[in-house]
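In: Quick one, structure for this:
(chains A and B)
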Amino acid sequence: MKMSKLFVQTQREFPSDAEVISHKMLARAGYIRKLAPGVYTFLPLMWRVLKKIENIVRQEMDAAGAQELLMPFVQPKELWEESGRWDVYGKELMRLKDRHNRDMCLGPTHEEIITSVARDGLKSYKQLPVNLYQIQSKFRDEIRPRYGLLRGREFIMKDAYSFDVDEKGLDKEYENMAKAYTKIFKRCGLDTKMVQSDSGAIGGSVSHEFMVITDTDAGENDVFYCNECDYSANSNHAVSKLPDAVVDGKDYFKEKAVKDTPNTFSIEDLCNFLKIPSTIILKTLVYIVDKKPVLALIRADKAVEETKLMNAVNGNDIRIASAAEIAEIMENNGFNAVPGFIGPKGMKNVSIIADETVKDMKNFVVGINETDKHLVGANHSDLGVELKYFDIRLVEQGELCPQCGKPLFVTKGIEVGNIFKLGTKYSKPMNAVYLDENGKTHPYIMGCYGIGISRTAAAAVEAHYDDDGIKWPLAVAPYHVVVVPVNINDELQMKTAVNIYEQLLKAGVEAVLDDRDERAGVKFKDADLIGFPFRITAGKTLQEGLVECKVRESGEVTKITPEDAVSKVIAAVRNIG
RNA sequence: CGGGAUGUAGCGCAGCUUGGUAGCGCACCUCGCUUGGGACGAGGGGGUCGCAGGUUCAAAUCCUGUCAUCCCGACCA
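Out: Numbering: from 1, shown residues only, chains lettered A, B, ... in the order given. The predicted structure follows:
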């Protein structure tokens, strides 16, 4: 490809609406163009990158025994009603009507479709196991798309679905996919960590996420990990042992008493007023889960992890209650306390979920639904309710690994892949069954496995860049090399460059010839920004019969003969396959 | 949906306070000059100033409404 004809417009400045590195770089270097929030055109360079990633995914999925197909993007409501998700998926599911007023939706994921495909085709245990996948645009109407390709509404995803006769088969395929995923990301130039996670709207029992750990602020997930053993988990799923699990307020309170605690609306106020540590306060938070009130009880120095709380009550949607909602809930229970003084005592018609940290508290401080008062020196028998304990706590760095007891660390991660054990979550309600050797029907045991293709591309940028631009890993770069004649009016330079370019093309290397009548600085800046892994420059060193070969990743520059430059690049490209 | 901000050429911005019919840099076209890290000079093309009302002789500018976008919180590949 000749640079003069390549459809790319680099920008001298970063777009003002970009926040994270990958978005800034991809927009400035002419890879993407925004059409609407979270909706981007993939310009030719971007499309080449995405196709490279797709091909790596394809090769590894095929090698792992999966078969590619392509399902419809627009889906009828009926299937979603069969699985029960039409009502619970929420606003991320883009719903629309066709001309006959039939309800449809844009596919955010394809469990329903693949399950219906499977039940029509997979009738016998002899046909199982099967793993089917597709690479396709998905649409999720995210509340707030941001970070460019990292959180688009329309994005490219590889989604695979496995069907087995039993759990054992699923476990095996799950392992198989985990291995394939690690390989895929490695080939894309990304080191990933496989972490335990919550299974969210997709559902199922076990799930893991593949996280790219970056030092940029683009990582949206907190990942907790242990340096001593293999434990790692997303913050929405991480568990830990508390270093100081048993707390007793007996040093502060000799006996149980109701105390005046005026204007202590926050835990901090209360600590200051009573001159006590927050560890001996029982904190009560009011949440709304699926429109119903839930009280969350937790030791006050710890925070509630909302996903865990939601799961504790089998909910789909959670948010903290507004002041007005709290007032209404209090009124329904015959109280009028304001936030800061709320507690479980006397609360009816609300779910009360206590974190495990509450279990070992003694002689603590708790709200009793009276404004400006707290009960101090309280114990569980004073709460007037039998508590149900769950782990709803947000883990913090420094807490101890649940497996080996060593301190946990936290880091930011970009989730590029996710694997789930679905079990019969879809096959059962959708009556997707096979016949065993005795002629008995059983629902398939399913798994599903996603990779964000466009997100992986963005993550690759987050992991490989410098001040001058992108440093694509060779395997996913839009082109392998740019050949730069410094001055196209210099006959020797131009002839040498064209010669190198043609040799590279002949050898199957993806090369660009920068044949633009631009000054050297412009060409070099563009080459760095776009991120060609190699740059071969035909310039003044030709007087010694040499060209320059620059490696973008390391910045290393060598003066070598044109022949050596060609062989060097060819060798590198052959090396990635 | 709550909190904050912004809409002026493909990109980045000024002009608005104090109304007088739109400007700068980059990019684009032409010519000259230049050719190893985003040169320079001259000339040129491109904008119903988000949209709709209103005030006024006159609105990018003032008023009202509306739409959109971006950032911070609840979603997820």
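
In: pLDDT below threshold where in the stretch 51-200 of chain A?
Out: Residue ranges of the stretch 51-200 of chain A with pLDDT under 70: A:200.

In: Just the strands from it, written as ranges.
Out: A:67-68, A:74-76, A:95-97, A:103-106, A:130-139, A:154-164, A:192-196 (DSSP state E, counting those that start in this stretch).

In: Residues contacting the second one, please?
Out: The list of residues contacting strand A:74-76 from outside it, by C-beta atoms under 8 Å, 6 or more residues apart in numbering, reads A:102-107, A:112-113. Quick note: C-beta positions are derived from backbone N, CA and C, even for glycine.

In: what's the answer for the third one, then?
Out: Outside of strand A:95-97, the residues that reach it under the criterion C-beta under 8 Å, 6+ apart are A:77, A:103-106.

In: Compile the residues you listed into CSV and extend it with columns for neighbour count and distance to A:Phe224.
Out: Putting these into CSV (neighbours: other C-beta atoms under 10 Å; distance: C-beta to C-beta, whole Å) gives the following:
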residue, neighbour count, distance to A:Phe224
A:Lys77, 14, 39
A:Asp103, 15, 41
A:Met104, 16, 40
A:Cys105, 22, 35
A:Leu106, 18, 34
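
In: Nearest to RNA strand B among those?
Out: For the contacts of strand A:95-97, the closest approach to RNA strand B (C-beta to the nearest atom of the strand) belongs to A:Leu106, at 13.1 Å.

In: Identify the bridge partners of that closest one.
Out: Partner residues in beta bridges with A:Leu106: A:Val74, with DSSP bridges as the criterion.

In: Quick check: it touching A:Met94?
Out: Yes: A contact is recorded between A:Leu106 and A:Met94 when judged using C-beta atoms under 8 Å, the distance being 4.2 Å.

In: which residues touch A:Asp141?
Out: With contacts taken as C-beta under 8 Å, 6+ apart, A:Asp141 has the following neighbours: A:91-94, A:153.

In: A:Pro402 too?
Out: Taking C-beta under 8 Å, 6+ apart as the definition of contact, the neighbours of A:Pro402 are A:231, A:239-241.

In: ok, now how distant is it from RNA strand B?
Out: Distance from A:Pro402 to RNA strand B, counting by C-beta to the nearest atom of the strand, to the nearest Å: 22 Å.

In: which residues are contacting the lowest-mean-pLDDT helix or strand in chain A?
Out: Per-element confidence for chain A was summarised using mean pLDDT, DSSP states H and E. The lowest value among helices and strands belongs to strand A:318-320, with a mean of 81. For strand A:318-320, the external contacting residues (C-beta under 8 Å, 6+ apart) are A:285-289, A:306-307, A:309-310.

In: got TSV for the residues you listed, with distance to RNA strand B too?
Out: Formatted as TSV, the contacts of strand A:318-320 follow (distance: C-beta to the nearest atom of the strand, whole Å):
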residue	distance to RNA strand B
A:Leu285	13
A:Val286	15
A:Tyr287	10
A:Ile288	10
A:Val289	11
A:Glu306	6
A:Thr307	6
A:Leu309	10
A:Met310	7
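
In: In ChimeraX, how would I select the buried members of those residues?
Out: Buried residues within the contacts of strand A:318-320, by 16 or more other C-beta atoms under 10 Å, are selected in ChimeraX with:
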select /A:285,286,287,288,289,306,307,309,310
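
In: Okay, and which of the contacts of strand A:318-320 map to helices?
Out: Using DSSP state H, A:306-307, A:309-310 are the members of the contacts of strand A:318-320 that sit in helices.

In: List just the nearest of those to A:Pro473.
Out: Nearest to A:Pro473 among the ones in helices among the contacts of strand A:318-320, counting by C-beta to C-beta, is A:Thr307 at 33.0 Å.

In: quick one, what contacts the closest one?
Out: A:198, A:200, A:236-237, A:318.

In: which two from those end up farthest apart in space?
Out: Among the contacts of A:Thr307, A:His237 and A:Ile318 lie farthest apart (C-beta to C-beta), at 15.1 Å.

In: hang on, the earlier thing: mind listing the shared neighbours of A:Leu106 and A:Met94?
Out: Residues touching both A:Leu106 and A:Met94 comprise A:Phe139, with contact defined as C-beta under 8 Å, 6+ apart.

In: which residues touch the closest residue to A:Leu309 other than its chain neighbours?
Out: If the residues on either side of it in the chain are set aside, A:Leu309 comes closest to A:Ile392, at 4.4 Å by C-beta to C-beta, 6 or more residues apart in numbering. For A:Ile392, the contacting residues are A:296, A:298, A:304-305, A:308-309, A:312, A:353, A:355, taking C-beta under 8 Å, 6+ apart as the criterion.

In: Kindly report the same for A:Phe364.
Out: Counting by C-beta under 8 Å, 6+ apart, A:Phe364 has contacts A:247, A:249, A:280-282, A:377-379.

In: if you set the cut-off to 6 Å instead, what comes out?
Out: Each residue near A:Phe364 by C-beta atoms under 6 Å, 6 or more residues apart in numbering is listed here: A:249, A:280, A:282, A:378.

In: Now flag whichever of the ones in helices among the contacts of strand A:318-320 is closest to A:Met361.
Out: A:Met361 lies nearest to A:Leu309 out of those, by C-beta to C-beta, at 18.4 Å.

In: Do I have it right that the closest one meets A:Ala296?
Out: Yes: in terms of C-beta atoms under 6 Å, A:Leu309 counts as a neighbour of A:Ala296; the distance is 5.5 Å.

In: Quick check: bridge partners of A:Tyr465?
Out: Beta-bridge partners of A:Tyr465, counted by DSSP bridges, are A:Ile470.

In: now it: how far from RNA strand B?
Out: The spacing between A:Tyr465 and RNA strand B, counted by C-beta to the nearest atom of the strand, is 13 Å.

In: Check A:Asn349 too.
Out: 23 Å.

In: any idea how far A:Val385 is from the nearest residue to that residue once chain neighbours are set aside?
Out: Counting by C-beta to C-beta, 6+ apart, the nearest residue to A:Asn349 once its immediate chain neighbours are dropped is A:Asn332, at 6.7 Å. Distance from A:Asn332 to A:Val385, counting by C-beta to C-beta, to the nearest Å: 16 Å.

In: quick one, which of those two is more surrounded?
Out: The neighbour comparison of A:Asn332 against A:Val385 (other C-beta atoms under 10 Å) goes to A:Val385, with 16 against 13.

In: wouldn't that one be in contact with A:Gly343 here?
Out: No: using C-beta under 6 Å, A:Val385 makes no contact with A:Gly343, being 9.8 Å away.

In: and the closest residue to RNA strand B within the stretch 251-400 of chain A, how many residues sit next to it?
Out: Using C-beta to the nearest atom of the strand, the point where the stretch 251-400 of chain A gets nearest to RNA strand B is A:Arg319, with a distance of 4.8 Å. By other C-beta under 10 Å, the residues close to A:Arg319 number 11.

In: With A:Ser322 instead?
Out: As a measure of burial, A:Ser322 has 11 neighbours, counting by other C-beta under 10 Å.

In: Distance-wise, check it relative to A:Tyr287.
Out: Counting by C-beta to C-beta, the gap from A:Ser322 to A:Tyr287 is 11 Å.

In: Over to A:Cys549?
Out: The gap separating A:Cys549 from A:Tyr287 is 60 Å, by C-beta to C-beta.

In: do A:Phe534 as well
Out: Summarising the geometry, the distance separating A:Phe534 from A:Tyr287, computed by C-beta to C-beta, is 55 Å.
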